[in-house]
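Peer 1: compute the structure for the input listed below.
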Amino acid sequence: MRNKGLWIVVLVIAMIGVCVMCAVVSFFSFTTSSTVNLGTVGNVLNDRIFQNDSYIAEADETMQILVAEDAITLVVENTNGDVDIRGVDMDQVNLKAHITAWGSSETNAEENLERIDYEVIETSEKITIRVNNPTNENIGFGKVDLYLEVPLDTRLEVTGSSGRLYAAQIQGSVDLDNDFGNIELNDIQGGPVIVTTENGYIEMNNVLISGNNLTVTSEFGDLKLVQVSAEELTATTRNGMLGLEEINISGPTKLASDFGEITVEGGKTASLEILSQNGSIILKELNMPGELIAHTDFGNLKLKEVFASNYDLESKNGMLELDGANQAQIKAVTDFGDITITNVKSGVINLETKNGVVTFRGSLADEEHMVRSDFGNITLRFPSNQSLNLDLNTGFGMIKSEFDFTVSGTVQEKHWVGKINAGGGLLTVETENGSITLEKSVAEE
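Peer 2: Numbering: from 1, shown residues only. The predicted structure follows:
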C-alpha cells in the first residue's frame, strides 16, 4: 500500500499515452479518408483550395443534337461543375462542354484531362447528359462545365453536386436539385417548378407558371423570389433569409425559415402561412381573401397595408405591428413585446401580451372583443361615433375616458362596466399592472 500513489501516477501516464496514440491514429485516418473527398470540398471552397493545382489543362467540346417536334425531356447529371441552360426558339440542342483538369505537373494535368469524360444518351423523348468522374484516389481532379441551348418547351431534370445551376427562357417543367451550389432561374413560363439545394442560395426572377405549383427548398442559404406567379407556392429554408417581391399566387402560400428573416412585399395570394423560429416577419402591400398566419418564436412582426379576412399573429419574444385591416378578425399574441394595431375598419380584435403596451386605433364591429396585458398600459382610440359595451378592469393603474361613459351598476375606480354612445358589442379590457385609456377621434377616422 506504500506504493499506492506511485501506481496511480503510472496509470495516469499510461492513460495519457493511450489518448495521444488514439488522437494520432484518428488524425492520420481522417487525413487519409478525406483525401478521397478533397475534390468535392475543394471545388466548393474556391474551386481548388485543397488541391495541388499548380498545373491546369483545359478543353472545349461541342455537339448539336436534333430533336423531334414534340417537347423533349433533358436530364443532366453533373457531379462537379456548373450547368447553364437557356431556351431558344429552335429544334435542336446545342451542347458545349468546358473541361478543366488539375495536376501536379503539366503532363499529369493533361493525363487527368483525358480521364474525364461524359456521355450523351438520346431517345425520341429524352436526352441524358451524364458526367462520369473516375472513382479512385484522384477523384475530384477536374470538372466539366456544361452550357446548353435547348428548345423553349424542353422539360428540365438537372442534378448537380458541386457547381452553379442556371436556367432561363424555359417553357417546360423545371426540376433542379443541387448539393453544394447556388441555383438561379430567370424567365420561366412552364411548370411545375421544383428547386432544391442543400448548401446555396436560390434566386428566381420572372417565374410565371400560373396553374402550376412552385416549390423551393434550401437547407443552408437565402431564398429570393421576384415576380413569381403560381397555383401554389411553398418556400422553405432552414438557415437563411427568405425574401419575396411581387407575388401572384392563386392558391395558398407557405413560407418557413428556422433561422432568418422573412419578408414579402407586393402582390396577392389566396392565403398566407409563415412560420419562423428565429427571425422577424415583415409584410407590405399584400392582398388575400383568406387567412394570414404569421408565427415566430424570436422576432418581430411588422405588417403594413396587408389585407386579409383573418389574422393570426404570434411571437413569443417580439413586438407585433399591424397597420391597415378591413372587416377582419384580428388575433395578436406575444409573450414579451408591445402590440400596435392601427388603421382598422370594423375589426374584431383579440389582443394579448404578457409584458408590453397595447395600442389600438380604429373602429370595431358589433361583436365581442378582448384586449389584455399582464404588465403594460392599454390605449384604445375609437371614432367619436363608436358604440360599444365595455368591461374595463385594472389591478394597479387608472382608467380614463374621453368618451361620455354610461356606467352600469356600482361605480368602481378600477373596474368600469357600461357603454359609450348607444352601446353594442362587448369589449373586455384587462391589465394587471397598467392603465386603460379610451381616446376619441373624429367620426371619419
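Peer 1: enumerate every residue touching Glu219.
Peer 2: Thr197, Glu198, Asn199, Thr237, Arg238, Asn239 (CB atoms under 8 Å, 6 or more residues apart in numbering). Where C-beta positions appear, they are placed from N, C-alpha and C, glycine not excepted.
Peer 1: just how off-centre is the helix or strand it falls within within its chain?
Peer 2: Assigned by DSSP states H and E, Glu219 belongs to strand 202-220. Distance, stretch centre to chain centre, for strand 202-220: 11 Å (CA atoms, centre = their mean, to the nearest Å).
Peer 1: repeat for stretch 377-395
Peer 2: 39 Å.
Peer 1: three-state assignment of Leu113?
Peer 2: helix (DSSP: H, G, I helix; E, B strand; the rest coil).
Peer 1: any idea of the pLDDT on it?
Peer 2: Note on Leu113: pLDDT of 93.
Peer 1: for the one 3 residues further on, same thing?
Peer 2: The pLDDT attached to Ile116 in the predicted structure is 92.
Peer 1: what sits closest to it if chain neighbours are left out?
Peer 2: Gly142 (4.7 Å; CB to CB, 6 or more residues apart in numbering).
Peer 1: just give me the neighbour total for the one you found.
Peer 2: Residues near Gly142, counting by other CB atoms under 10 Å, number 28.
Peer 1: who's the closest residue to Thr237 other than its chain neighbours bridged to?
Peer 2: What sits nearest to Thr237 in space, not counting adjacent residues and going by CB to CB, 6+ apart, is Ser218, at 4.6 Å. Ser218 forms beta bridges with Thr197, Thr237, as assigned by DSSP bridges.
Peer 1: please apply the same query to Thr253.
Peer 2: As for beta bridges, Thr253 partners with Leu233, Leu272 under DSSP bridges.
Peer 1: dump the residue contacts of it.
Peer 2: Glu232, Leu233, Thr234, Ile247, Thr269, Ala270, Ser271, Leu272, Glu273.
Peer 1: quick check on these: which are buried?
Peer 2: With burial judged by 16 or more other CB atoms under 10 Å, the buried subset of the contacts of Thr253 is Glu232, Leu233, Thr234, Ile247, Thr269, Ser271, Leu272, Glu273.
Peer 1: same list (these) but as TSV, adding distance to Asn389 and pLDDT.
Peer 2: TSV is the format used below for these (distance: CB to CB, whole Å; pLDDT from 0 to 100):
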residue	distance to Asn389	pLDDT
Glu232	43	98
Leu233	43	98
Thr234	44	98
Ile247	41	98
Thr269	36	98
Ser271	33	98
Leu272	33	98
Glu273	34	98
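Peer 1: can I get those residues in JSON lines with distance to Gly160?
Peer 2: Shown next, in JSON lines, are the buried ones among the contacts of Thr253 (distance: CB to CB, whole Å):
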{"residue": "Glu232", "distance to Gly160": "25"}
{"residue": "Leu233", "distance to Gly160": "23"}
{"residue": "Thr234", "distance to Gly160": "21"}
{"residue": "Ile247", "distance to Gly160": "27"}
{"residue": "Thr269", "distance to Gly160": "30"}
{"residue": "Ser271", "distance to Gly160": "33"}
{"residue": "Leu272", "distance to Gly160": "31"}
{"residue": "Glu273", "distance to Gly160": "30"}
